[in-house]
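Chemist: task: produce atomic coordinates for the following.
(4 chains)
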Number of protein chains: 2
Amino acid sequence: MDGSPSDQDQAPASVSELLDRLDGLGATLPKRLGQCADYLRHNIHLVAVSTVADLSAGAGVQPSAFMRFCQALGFSGFSEMQALFRAEYRELRPDYAERLSQLRERGEEDPEGLAASFAEAGHKSLVSLMNGLASEKLGAACRLLAAAGTIHLVGLRRAFAIVSYMGYMLDKMEVPTVIHRTSGQIESDHAIRPGDALFAVSFTPFSQETLQLAARTAERGIPVVALSDTADCPLREAAKVLLIAREVDVGAFRVPTAAMTLATSLAVAVGGMRKDRLTIRSNGSKME
Amino acid sequence: MDGSPSDQDQAPASVSELLDRLDGLGATLPKRLGQCADYLRHNIHLVAVSTVADLSAGAGVQPSAFMRFCQALGFSGFSEMQALFRAEYRELRPDYAERLSQLRERGEEDPEGLAASFAEAGHKSLVSLMNGLASEKLGAACRLLAAAGTIHLVGLRRAFAIVSYMGYMLDKMEVPTVIHRTSGQIESDHAIRPGDALFAVSFTPFSQETLQLAARTAERGIPVVALSDTADCPLREAAKVLLIAREVDVGAFRVPTAAMTLATSLAVAVGGMRKDRLTIRSNGSKME
DNA sequence: GCCGATTTGGAATATCTATTCCATCAACGG
DNA sequence: CCGTTGATGGAATAGATATTCCAAATCGGC
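Modeler: Numbers count the residues shown, from 1 in each chain, chains lettered A, B, ... in the order given. You can find the predicted model right below:
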């Protein structure tokens, strides 16, 4: 009831608490335990389904070292730590996995089975989105759009849902935005002025209107950021940055889950950056 | 070394193969093994992170019975079966969980961190969508829409992305569809004719225009199907069926992942049903 | 209601996994 | 350069966990 001094010695109660503590220990750990920390950070998902032997081998240390590592984190041993991961894993999917697999079996005739298939596809799309996201490209896209005067959005057919949602978000954040829904490009071209930027969304099969607007805009030296579902899309040439969001199909259909997620992230990030810029400006302290 | 006749005795190579085999064995299993099968079907997600003792206790049988069950499925024992589940788990998220947690730590300043948070939220939204889906309601919604002459879609602001995507899909499947984007309701009301149906989407805070159009349409005796993010939404009264898709927010923002998934499922199911109906009609064999 | 076949429960065992221990090694301060 | 402290590797041990075995129970056909 007394001995224990600060906090070091009680075990983390959740995975994110554990990660915090890992950061806290930082570089104070001896070499081998440091290797364990590194490996853990990069392979959290393995803990629930692996043995100390597996993990220590992965980290390139002896099992005993890994054991000491667990204790350094505040656990009594590996088993206690693993229990944490297993518990968290169980919680995340209470009866979900169950229903999903039952429903999927029911086939894609039944509406609920269909929904299950689409949900499953959504999970996969998100996984692949996050695995494939190139950090620099996303950052570059944000900077281009944040630096623009007005942001112009174009996307037709299935891409229209994306730009319409993006337009809604940007507008809510008071970012000057125009959605180009037209095929008659008469007004579009002139509305896009130097200092602006164009965000073009197009999926296979690509709409000519979108491609052409993007091409003409790029020719005029106005930056174009593109979002597509494949890297060899015709927008590649016009775009300064081409973002990719692949979706997993269900039969001939798909939900634009990954694209929507990426577009929303972009919009929110751009909104945040512009707000910062404004704040700084109005302080008068710095000009961008 | 020959006895083994057909196929019964080689182990399944994937979880879905295993589920197939489970269905195959069907009711031929003795009582205790039947219990195991039931329990397994409802708790597949537990296999990777549990022991035979846990699982057999859950199923209400002796460990030895569970053991025999594994063997009946074609595995050499429990460990071999568990290995399958663990392998599949590892594959699904290769370095995904890793990145996600790293990125999320980076906070929601950084665009990539934001994307990670939204992706995580998307997973959760899909989980809760599937857990909360009431089978009858979805089926009823499909039937109402499939029976309609023209399907009218309405949804403004953030809901517009949903209806625009739905409109695209329905149109692709040659289902007569109209998207009402107007606030001036002059034409809308008359365009919606007896025999048609209205699909209304609205999230908090609700747009008056959508609510009013739904109310007026319902008053005229035309069926209204609604999609919202909460059960006590004003559409509840006008709608014959109210579908709910809750999203997990990131700060003040959200991606309409669950709603988009539900709407797409609905559209595809309706498209399928109408096609069936047409086929049957043209065969002349049955009239709906 | 008896007999053979099948299923069941529970304890015994084999295997695998976590954990500890200690001799050796490297780092650091005097 | 030596002695102390802390880290390391590897083997020994303790503890779980899976797996097998067999006696008892149950079921089905006659």
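Chemist: okay, now residue A:204: neighbour count?
Modeler: Taking other C-beta atoms under 10 Å in any protein chain shown as the criterion, the count of residues near residue A:204 is 11. For glycine as for every other residue, the C-beta is placed from the backbone atoms N, C-alpha and C.
Chemist: what segments of the stretch 101-250 of chain A are strands?
Modeler: Per DSSP state E, counting those that start in this stretch, the stretch 101-250 of chain A carries strands over the ranges A:151-154, A:177-180, A:197-201, A:224-228, A:241-244.
Chemist: to DNA strand C, which of the ones you listed lies closest?
Modeler: With C-beta to the nearest atom of the strand as the measure, strand A:241-244 is the member of these nearest DNA strand C (38.9 Å).
Chemist: what's the helix of greatest length in chain A packed up against?
Modeler: Ranked by number of residues, the top helix in chain A under DSSP state H is helix A:257-283. Contact partners of helix A:257-283 among helices and strands, from 3 or more C-beta pairs under 8 Å, 6 or more residues apart in numbering or on different chains; DSSP states H and E: helix A:111-132, helix A:135-147, helix A:160-172, strand A:197-201, strand A:224-228, helix B:111-132, helix B:257-283.
Chemist: and of the strands of the stretch 101-250 of chain A, who's closest to residue B:117?
Modeler: Relative to residue B:117, the nearest member of those by C-beta to C-beta is strand A:241-244, separated by 17.4 Å.
Chemist: for that closest one, the averaged confidence score.
Modeler: Regarding strand A:241-244, the rounded mean pLDDT is 94.
Chemist: partners of it, with directions?
Modeler: Taking DSSP bridges as the criterion, strand A:241-244 pairs within the sheet with strand A:224-228 (parallel).
Chemist: circling back: what's the most buried one of the helices and strands packed on helix A:257-283?
Modeler: Among these, ranked by average contacts under mean count of other C-beta atoms under 10 Å in any protein chain shown, first place goes to strand A:197-201 (a mean of 28).
Chemist: what's that strand in contact with?
Modeler: Applying C-beta atoms under 8 Å, 6 or more residues apart in numbering or on different chains, the set of residues contacting strand A:197-201 from outside is A:144-145, A:147-148, A:150-155, A:159, A:162-163, A:166, A:192, A:210, A:213-214, A:217, A:222-228, A:235, A:238-239, A:259, A:263, A:266.
Chemist: centroid-nearest residue for chain A?
Modeler: Taking C-alpha atoms, centre = their mean as the criterion, residue A:130 is the residue nearest the geometric centre of chain A, at 4.9 Å.
Chemist: I'd assumed residue B:119 was in contact with that residue.
Modeler: Yes - with contacts counted by C-beta atoms under 8 Å, residue A:130 reaches residue B:119, the gap being 5.1 Å.
Chemist: so what would you say the end-to-end distance of stretch A:48-61 is?
Modeler: Looking at stretch A:48-61, the gap from its leading to its trailing residue is 19 Å under the measure C-alpha to C-alpha, to the nearest Å.
Chemist: for stretch A:216-235, measure first residue to last.
Modeler: This stretch, stretch A:216-235, spans 11 Å end to end (C-alpha to C-alpha).
Chemist: mean confidence for it?
Modeler: Averaging the model's pLDDT scores along stretch A:216-235 yields 91.
Chemist: I'd assumed residue A:62 was in contact with residue A:33.
Modeler: No - with the criterion set as C-beta under 8 Å, residue A:33 and residue A:62 do not qualify as a contacting pair; they are 11.4 Å apart.
Chemist: more neighbours: which of these two?
Modeler: Neighbours per residue (other C-beta under 10 Å) separate residue A:33 from residue A:62, with residue A:33 holding more: 21 against 14.
Chemist: secondary structure element for the more buried one, which one?
Modeler: When elements are assigned from DSSP states H and E, residue A:33 belongs to helix A:31-42.
Chemist: tell me the residues of chain A that contact DNA strand D?
Modeler: For chain A, the residues in contact with DNA strand D under the definition C-beta under 7 Å from any atom of the strand are A:30-33, A:61-65, A:68.
Chemist: from those residues, which would you call buried?
Modeler: Neighbour counting by 16 or more other C-beta atoms under 10 Å in any protein chain shown classes A:32-33, A:61, A:65, A:68 among those as buried.
Chemist: which pair in the residues you listed spans the largest distance?
Modeler: Maximum distance among these (C-beta to C-beta): 9.4 Å, for A:61 and A:68.
Chemist: rewinding a little: the strands of the stretch 101-250 of chain A into JSON lines, with extra columns for distance to residue B:86?
Modeler: As requested, the strands of the stretch 101-250 of chain A are exported to JSON lines (distance: least, C-beta to C-beta, whole Å):
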{"stretch": "strand A:151-154", "distance to residue B:86": "44"}
{"stretch": "strand A:177-180", "distance to residue B:86": "47"}
{"stretch": "strand A:197-201", "distance to residue B:86": "39"}
{"stretch": "strand A:224-228", "distance to residue B:86": "36"}
{"stretch": "strand A:241-244", "distance to residue B:86": "31"}
